[in-house]
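A.B. asks: Here is the input, now give the coordinates:
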Amino acid sequence: MGLFERYLSVWVGLSIIAGVVLGSLIPGAFEVVAGLEYAHVNIVVAVLIWLMVYPMMIQIDFSSIKDVGKKPKGLALTLVVNWLIKPFTMAALGWLFFKGFFVDWVDPQTANEYIAGMILLGVAPCTAMVFVWSQLTKGDPNYTLVQVSINDIIMVFAFAPLTALLLGVTDIQVPWDTLLLSVVLYVVLPLVAGALTRKALDKKHDQSGQAAIDGFVGKLKPWSMIGLLATVVLLFGFQAQSILDKPEAIVMIAIPLIIQTYGIFAIAYFLAIKLKLSHKVAAPACMIGTSNFFELAVAVAISLFGLHSGAALATVVGVLVEVPVMLSLVYFANRTRHWFD
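C.D. replies: The predicted structure is shown next:
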């Protein structure tokens, strides 16, 4: 592990500070970048996430995917955590904090909107960034792809009814353009590009194809990390004014979100150990169950409650919390590899 990766959490911390500072000093520049979006998906952020995901996709061996079904426990863990545990714990924590602990500090309507935003995060499991977390924990790329793909298929059918159930709203309008565009940008396109790259390297180098693939991915790793840091700068730069204007709201929303993230990971990790999963399957499975599909959550929050609503703010705080918290979980997963192997 090189100097850059060894101190990745430090670079992310500096990127967070840089994003807030730059966003407050030159807000116009970030507004221009923020305006470059389609279906609530920011094009610049999409390119950066694509840059992070692409190296992972090159490592996928399609001939090995058929063997994933022989090890169903990892898939079962992901689906149980994502759809039977996580949405309900998020709703419970939102209610506990904003109807209990923080009830004297937030008016009832705003509290309801914060809870709604948290629920939207809980019902939208991760699609893109999980490939990054999987790569950082040396997860099985083939298994991770299948986990994400099955998760996305279920999300198409389960997102709207589960959201309606937890929000108590019957007319949930799923932004299909956001959902489908995100899946295409973050899964389909990099997967196709990775498969074509892998095929080209295999043909070019014959017997040493795997060595060539490993070497090429190694060269891309710094760019993948740069993509991660640039994404952090942009996300915090976009929300710099909200962070500075409403620090107390950011903190109040962040507390239950952080508890939820670590709590869900703890549950998933414990179950993974009990199921005797290998680390390369367990780590990505727990990451998928822990992280969120923030583009979808933000888009639904805006469409249901408005751009400047408490729900929209809560989903944005979810974005801000996710990267540093998930990096801490990556570190923990790597340090506890011996628990599995």
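
A.B. asks: Could I get the full set of strands for the stretch 1-150 of the chain?
C.D. replies: Secondary structure of the stretch 1-150 of the chain (DSSP state E, counting those that start in this stretch): strands located at 37-38, 41-42.

A.B. asks: Please produce CSV containing those strands, extended by mean pLDDT and distance to Leu189.
C.D. replies: The way it works is simple: take the backbone N, C-alpha and C, and place the C-beta from them, glycine included. Output for the strands of the stretch 1-150 of the chain, formatted as CSV (pLDDT from 0 to 100; distance: least, C-beta to C-beta, whole Å):
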stretch, mean pLDDT, distance to Leu189
strand 37-38, 80, 14
strand 41-42, 76, 13
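
A.B. asks: Quickly compare these and say which is most buried.
C.D. replies: Ranked by mean neighbour count under mean count of other C-beta atoms under 10 Å, these are led by strand 41-42, which reaches a mean of 22.

A.B. asks: now for that one, which elements pack on it?
C.D. replies: For strand 41-42, the packing partners by 3 or more C-beta pairs under 8 Å, 6 or more residues apart in numbering; DSSP states H and E come out as helix 176-183.

A.B. asks: Okay, buried residues for the helix it packs on please.
C.D. replies: For helix 176-183, a neighbour-count test (16 or more other C-beta atoms under 10 Å) marks 178-179, 181-183 as buried.

A.B. asks: cool, and stretch 226-242?
C.D. replies: Under the neighbour-count criterion of 16+ other C-beta under 10 Å, stretch 226-242 has 227-240, 242 buried.

A.B. asks: Mark which of those are part of helices, please.
C.D. replies: 227-238, 240, 242 (DSSP state H).

A.B. asks: follow-up on the earlier one: for the buried residues of helix 176-183, which one is nearest Pro72?
C.D. replies: Using C-beta to C-beta, Val183 comes nearest to Pro72 of those, at 23.0 Å.

A.B. asks: show me the contacts for the nearest residue to Asn292 once chain neighbours are set aside.
C.D. replies: Leaving out its chain neighbours, the residue that sits closest to Asn292 by C-beta to C-beta, 6 or more residues apart in numbering is Leu121, at 4.7 Å. Leu121 sits next to 90, 257, 292, 294, 297, 314-315, 318 when contact means C-beta atoms under 8 Å, 6 or more residues apart in numbering.

A.B. asks: among those residues, who's most crowded?
C.D. replies: Among these, Ala314 has the most neighbours (other C-beta atoms under 10 Å), with 32 neighbours.

A.B. asks: ok, now how distant is that one from Leu121?
C.D. replies: 7 Å (C-beta to C-beta, to the nearest Å).

A.B. asks: did I read that right, Leu277 in a helix?
C.D. replies: No. Applying DSSP: H, G, I helix; E, B strand; the rest coil, one finds Leu277 to be coil, outside a helix.

A.B. asks: quick one: contacts for it?
C.D. replies: The neighbours of Leu277, taking C-beta under 8 Å, 6+ apart as the test, are 73-74, 77, 285, 340.

A.B. asks: Around Ala39, how many other residues sit close by?
C.D. replies: Counted with other C-beta under 10 Å, Ala39 comes out at 14.

A.B. asks: same question, the one 4 residues further on
C.D. replies: Burial of Ile43 is recorded as 13 neighbouring residues (other C-beta under 10 Å).

A.B. asks: is it true that Asn151 touches Gly289?
C.D. replies: No. Judged on C-beta atoms under 8 Å, Asn151 makes no contact with Gly289 at a distance of 9.3 Å.

A.B. asks: joint contacts of the two?
C.D. replies: Taking C-beta under 8 Å, 6+ apart as the criterion, Asn151 and Gly289 both touch 78, 82, 125.

A.B. asks: Phe159 and Leu296 touch, don't they?
C.D. replies: Yes. In this structure, Phe159 is within contact of Leu296 by C-beta under 8 Å, at 7.5 Å.

A.B. asks: Model confidence for the residue nearest to Phe102 when sequence neighbours are not counted, exactly?
C.D. replies: Among residues not flanking Phe102 along the chain, Met252 sits closest, at 5.4 Å (C-beta to C-beta, 6+ apart). Reading off the confidence values, Met252 has pLDDT 92.

A.B. asks: Go through the helix or strand Met252 falls within and flag the buried ones.
C.D. replies: Assessed by DSSP states H and E, Met252 sits inside helix 247-274. For helix 247-274, a neighbour-count test (16+ other C-beta under 10 Å) marks 249-250, 252-254, 256-257, 260-261, 263-265, 267-269, 271-272 as buried.

A.B. asks: how close does the residue nearest to Asn292 sit to Val106?
C.D. replies: With distances taken as C-beta to C-beta, Leu121 is found 18 Å from Val106.
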